[in-house]
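Undergrad: give me a 3D structure for the following:
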Amino acid sequence: MKRSLYFSLTLLMLIFWSSCRKDFEFQPSQGALTFSKDTVYLDTVFTNIGSSTYNLKVYNRSNTDISIPTLRLSQGQASNYRLNVDGVAGKEFQNVEILAKDSMYIFIETTFDIQNVVASKNQFLYTDAIEFDSGSHLQKVELVTLVKDAVFIYPNKDSQGIVETLSFDVDDDGVIDSTNIQGRFLSDAELTFTKDKPYVIYGYAAVGENKTLTINAGARVHFHSNSGLLITNNASLKVNGKFSPNQTTLDNEVIFESDRLEPLFENIPGQWGTIWLFQGSKENNINFATIKNATIGILAENDPNTSIPKLTIKNSKIYNSSNFGILGRATSITAENVVINNAGQSSFAGIYGGNYNFTHCTLANYWSSSFRQFPALYISNYQVLEDNKVVTNALTAANFNNCIIYGNDNPEMLVEQEEGAAFNFKFNNCLIKFDDPNNRFGADPNYDFSNSALYDNVIFNKDPDFEAPFKNKLMIGDDSAAINVIGNNIYSNRVPLDLLNISRTASPDLGAYQHVTFKE
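TA: Predicted structure coming up:
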């Protein structure tokens, strides 16, 4: 009886509700739509590479349910933009409905072939518009995209769609080895990068034995995900950037970054692989370069005892590396006027020994994207193999002169020694963040800061007064502890100009920059 009564009441309520409900009655729009923006800028894309997806929100602020008779791209089916309206892809739509006081999203993408315009142009401003209705009720939202031409370097695919991989002498035994590294070797005609067009690299662009890749001032090199440069046996990399008077556009610098040009990706770490200086590569030089958003900015391996360092890097910046800014493994590196910041592990790590000389460098780490286990600077003379066996190799030298070593963690400097191999290091006239309140390192003679053979005129835990370290602005200000005759002229005379081309010989500050007065 109760069940029957409940069923009857429920049925009665449904009948009553349905008899009261009025079907939605949509009226044609009267040109009173409003939009989240009047122009959608799809930022910059490379020719033939699809953009990110952008959105436009369309509002019906009236008290009437409306139907937009037509919604289309001005260029119709010929447009290089693509729309998605309420989950439906296309370029023209009819009778698009929006409830009263409601809204909808339109998603927008584009791909454009710059060869469709004048061949002499290296960039082209492509425009279109989304039209809502027509005649006297017509409303428009403009679409704008800057399209750049580029030189594309990518591995080949076989008939099965398998991507080409690199084969070279991996272990220096004279035998060519197969690898699973996707990429190809650059041809002789590709061994000079110029500033005429940006370069977009898919996979690893490799420099073959006895070849040299020269990158001229002003060149822009962009890498797709899991891509980079690989310099093989007896090959070299020469990055010949120059000082840029305009520090906003950096016209003369060489810039290495990802192929995602949208502002959203401007500072995202780990978007591409690394510049890999493989064992046997030699006399690699990098001058006035910015390397940003890599997994490892530079990976240098082996060859620690060459008469000319494996890598000489000057006047350069490395930012936003998801692992290491520079990782040296049993290798030799000379660095001057180098700034490294924001690395998921260490800004600079020299592991398994080697020979390292850093002068007037700023090795900072203000990583904030995740927990960080390693300090800004890490030095060791050993490595742990897969079977947990520890093997050692001589740390011939690790000298840091007139440097700043700092960050948002503590300590920001670790030196780890295993018996069985030399371990030579020294800090001269440096500012270092290292606080040991629980005396964890007190028994280790490598942390005897009173030993002038290891630490000469070093100051600890004083504020370097960086301008905005979380934004990679590592200039030091008037209140910095790294100024006022802290630096040693022996080292400043070796590197007489700072990273901004300012003389430092009269009164050298520590790090890559002479101090400045920050603007309010």
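
Undergrad: going forward, measure contacts and count neighbours with C-alpha atoms only.
TA: Noted.

Undergrad: partners of the helix or strand harbouring Leu213, with directions?
TA: Assigned by DSSP states H and E, Leu213 belongs to strand 212-216. If you go by DSSP bridges, strand 212-216 pairs up with strand 192-193 (parallel), strand 236-240 (parallel).

Undergrad: so where does Asn410 fall, helix or strand?
TA: In the assignment (DSSP H and E), Asn410 maps to no helix and no strand.

Undergrad: which residues does the residue lying closest to it once chain neighbours are set aside contact?
TA: Leaving out its chain neighbours, the residue that sits closest to Asn410 by Cα to Cα, 6 or more residues apart in numbering is Phe434, at 6.1 Å. Remark: with contacts taken as Cα atoms under 8 Å, 6 or more residues apart in numbering, Phe434 is in contact with Asn410, Pro411, Glu412, Met413, Phe460, Asn461.

Undergrad: mind putting the residues you listed into a markdown table with distance to Thr179, neighbour count and pLDDT?
TA: Listed next are those as a markdown table, based on distance: Cα to Cα, whole Å; neighbours: other Cα atoms under 10 Å; pLDDT from 0 to 100:
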| residue | distance to Thr179 | neighbour count | pLDDT |
| --- | --- | --- | --- |
| Asn410 | 39 | 15 | 95 |
| Pro411 | 39 | 19 | 97 |
| Glu412 | 36 | 24 | 98 |
| Met413 | 35 | 21 | 98 |
| Phe460 | 46 | 15 | 97 |
| Asn461 | 46 | 16 | 97 |
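
Undergrad: from those residues, which single one is nearest Leu311?
TA: The closest of the contacts of Phe434 to Leu311 turns out to be Met413 (Cα to Cα; 22.1 Å).

Undergrad: doesn't Ser380 make contact with the closest one?
TA: No - with contact defined as Cα atoms under 8 Å, Met413 does not reach Ser380; the gap is 11.4 Å.

Undergrad: which positions within stretch 102-109 qualify as buried?
TA: Using 16 or more other Cα atoms under 10 Å as the test for burial, stretch 102-109 gives Ser103, Met104, Tyr105, Ile106, Phe107, Ile108, Glu109.

Undergrad: measure Asn80 to Leu510 for me?
TA: Distance from Asn80 to Leu510, counting by Cα to Cα, to the nearest Å: 52 Å.

Undergrad: with neighbour numbers in mind, choose between these two.
TA: Leu510 (33 against 17; other Cα atoms under 10 Å).

Undergrad: quick one: the helices in this structure?
TA: Counting by DSSP state H, the chain has helices at residues 2-20, 489-494.

Undergrad: where among these is average confidence lowest?
TA: Mean pLDDT is lowest for helix 2-20 among the helices of the chain, at a mean of 46.

Undergrad: low-confidence bits of the chain, can you list those?
TA: For the chain, residues meeting the criterion pLDDT under 70 lie at 1-24, 118-120.

Undergrad: what's the lengthiest strand in it packed up against?
TA: For the chain, the longest strand by residue count, based on DSSP state E, is strand 324-343. Packing partners of strand 324-343 (3 or more Cα pairs under 8 Å, 6 or more residues apart in numbering; DSSP states H and E): strand 294-301, strand 311-321, strand 348-359, strand 362-365.

Undergrad: of the ones you listed, which is nearest Ser452?
TA: Nearest of these (Cα to Cα): strand 348-359, 17.9 Å.

Undergrad: now tabulate the helices and strands packed on strand 324-343 in TSV and tack on mean neighbour count and distance to Ser452.
TA: As requested, those are exported to TSV (neighbours: other Cα atoms under 10 Å; distance: least, Cα to Cα, whole Å):
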stretch	mean neighbour count	distance to Ser452
strand 294-301	27	30
strand 311-321	26	27
strand 348-359	25	18
strand 362-365	30	22
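
Undergrad: got TSV for the ones you listed, with distance to Lys389 too?
TA: As requested, these are exported to TSV (distance: least, Cα to Cα, whole Å):
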stretch	distance to Lys389
strand 294-301	20
strand 311-321	28
strand 348-359	13
strand 362-365	30
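
Undergrad: kindly state which of these is positioned closest to Asp444.
TA: strand 348-359 (18.7 Å).

Undergrad: just the angle for the closest one relative to strand 324-343, thanks.
TA: Counting by axes from the mean of the first three to the mean of the last three Cα atoms, to 10 degrees, strand 348-359 lies at 90 degrees to strand 324-343.

Undergrad: how far does strand 348-359 sit from the chain's center?
TA: From the chain centre to the centre of strand 348-359 is a distance of 23 Å (Cα atoms, centre = their mean, to the nearest Å).

Undergrad: paired strands for it, with orientation please.
TA: strand 324-343 (parallel), strand 377-380 (parallel), strand 395-401 (parallel).

Undergrad: from the buried residues of stretch 102-109, which single one is nearest Asn60?
TA: The shortest approach to Asn60 among those belongs to Ser103, at 5.8 Å (Cα to Cα).

Undergrad: which non-adjacent residue is nearest the closest one?
TA: Tyr59 (4.3 Å).

Undergrad: distance check, the one you found against Ile66.
TA: Distance of Tyr59 to Ile66, given as Cα to Cα: 11 Å.

Undergrad: kindly report the same for Asn116.
TA: Per Cα to Cα, Asn116 is found 39 Å from Ile66.

Undergrad: so for those two, which sits in the more crowded spot?
TA: Ile66 (22 against 7).

Undergrad: so Gly203 touches Leu186, yeah?
TA: No - applying Cα under 8 Å, one finds Gly203 not in contact with Leu186, separated by 11.8 Å.

Undergrad: just want to know which of the two has more residues nearby.
TA: Just comparing Gly203 and Leu186: by other Cα under 10 Å the higher neighbour count belongs to Gly203, 25 against 19.

Undergrad: all strands for the stretch 101-250 of the chain, in order.
TA: 102-110, 123-132, 139-148, 151-153, 165-168, 177-185, 192-193, 199-201, 204-207, 212-216, 220-223, 228-231, 236-240 (DSSP state E, counting those that start in this stretch).

Undergrad: looking at the ones you listed, which is closest to Glu418?
TA: strand 228-231 (30.6 Å).

Undergrad: in the sheet, which strands lie alongside the closest one, parallel or antiparallel?
TA: Strands that pair with strand 228-231, judged by DSSP bridges, come out as strand 204-207 (parallel), strand 272-277 (parallel).

Undergrad: now do it: everything it contacts.
TA: 201-208, 237, 272-278, 281.

Undergrad: before we move on, back to that, which of the strands of the stretch 101-250 of the chain sits closest to Val390?
TA: That would be strand 177-185 among these, by Cα to Cα, at 26.1 Å.

Undergrad: what is that closest one packed up against?
TA: Counting contacts by 3+ Cα pairs under 8 Å, 6+ apart, strand 177-185 packs against strand 165-168, strand 204-207.
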